[in-house]
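Visitor: Task: produce atomic coordinates for the following.
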Amino acid sequence: MASKRIYDAIIYGASGFTGQYVVRELASVQHCNEHKALKWAIAGRNRAKLNQVLQNTTKATGIKLQDVDVVIAETDDENSLRQMCAMTKIVLNCVGPYRFHGEKMVKNAIEQGCHHVDISGEPQYLEEMEFKYHDKAKAANVYVVGSCGGDSIPADIGIKFTRDSFSGIKNNNLNRYCNFNFQYIIYPIPYTLINIVNYT
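Guide: Numbering: from 1, shown residues only. This next block holds a predicted model:
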């Protein structure tokens, strides 16, 4: 990893639902550890929305974030991802569904010597990234960490439940079980179903 990086961390997708929580948490952690200052930024497609996230975080926490920069980057512009990864030591990737938006970020992070952390709980994405990029990440001395957060908890609980429930069976291969009940539609968001299907 290059020693001259502008930022210690960049939160990519900071204006999204999860990204806003990550911004608030990093601001709070930074505020409590002022003796160990981190230089960090937020990134995404829309500068106005990103600036609004900083304002909302300041309003909610009382923490002044005037030193937090805004970086414009988007999944469909690989050059912007490459530039973003070259600026930082770690990218905290909050842009999903990862099955559609994650690989370009992983690829560019490795190529630029930047560690990558995401919150994916999507098995297909996680397995594919390990299969395609493990050796490249190892050669670049870069960590690619998936399933780091809330999105992965249901899958982890499911694995623990299955292991505990079927402890006497060896070489059990349960591919998937999926049961949807759409009696009530709560979120009329197209990506909600895509996210649910990505778990299977």
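
Visitor: Output the below-cut-off pLDDT ranges for this structure.
Guide: Applying pLDDT under 70 to the chain flags residues 1-3, 34, 150-152, 167-200.

Visitor: in the protein, which spans are helices?
Guide: Secondary structure of the chain by DSSP state H: the helices cover 17-32, 47-61, 78-87, 98-111, 123-139, 153-165, 190-198.

Visitor: From the chain's centre, how far out is the second one? Work that out for me.
Guide: It stands for helix 47-61. 19 Å (Cα atoms, centre = their mean, to the nearest Å).

Visitor: repeat for the fifth one
Guide: Per Cα atoms, centre = their mean, the displacement of helix 123-139 from the mean C-alpha position of its chain is 15 Å.

Visitor: What of the fourth one?
Guide: Distance of helix 98-111 from its chain centroid, counting by Cα atoms, centre = their mean, is 10 Å.

Visitor: helices or strands up against that helix?
Guide: Applying 3 or more Cβ pairs under 8 Å, 6 or more residues apart in numbering; DSSP states H and E, one finds that helix 98-111 makes contact with helix 78-87, strand 88-93, strand 115-118, helix 123-139, strand 144-145, helix 190-198. Yep, even glycine has a C-beta here, placed from its N, CA and C like the rest.

Visitor: looking at those, which is closest to Val29?
Guide: Proximity to Val29 (Cβ to Cβ) singles out strand 88-93 among the helices and strands packed on helix 98-111, at 12.1 Å.

Visitor: and the closest one, which strands flank it?
Guide: Strand 88-93 pairs in its sheet with strand 7-12 (parallel), strand 115-118 (parallel), by DSSP bridges.

Visitor: quick one: it to helix 17-32, angle?
Guide: Relative orientation of strand 88-93 versus helix 17-32 (axes from the mean of the first three to the mean of the last three Cα atoms, to 10 degrees): 140 degrees.

Visitor: what's in contact with strand 88-93?
Guide: Residues from elsewhere that reach strand 88-93, judged by Cβ atoms under 8 Å, 6 or more residues apart in numbering: 1, 5-13, 22, 26, 41, 84-85, 102, 105, 109, 114-119.
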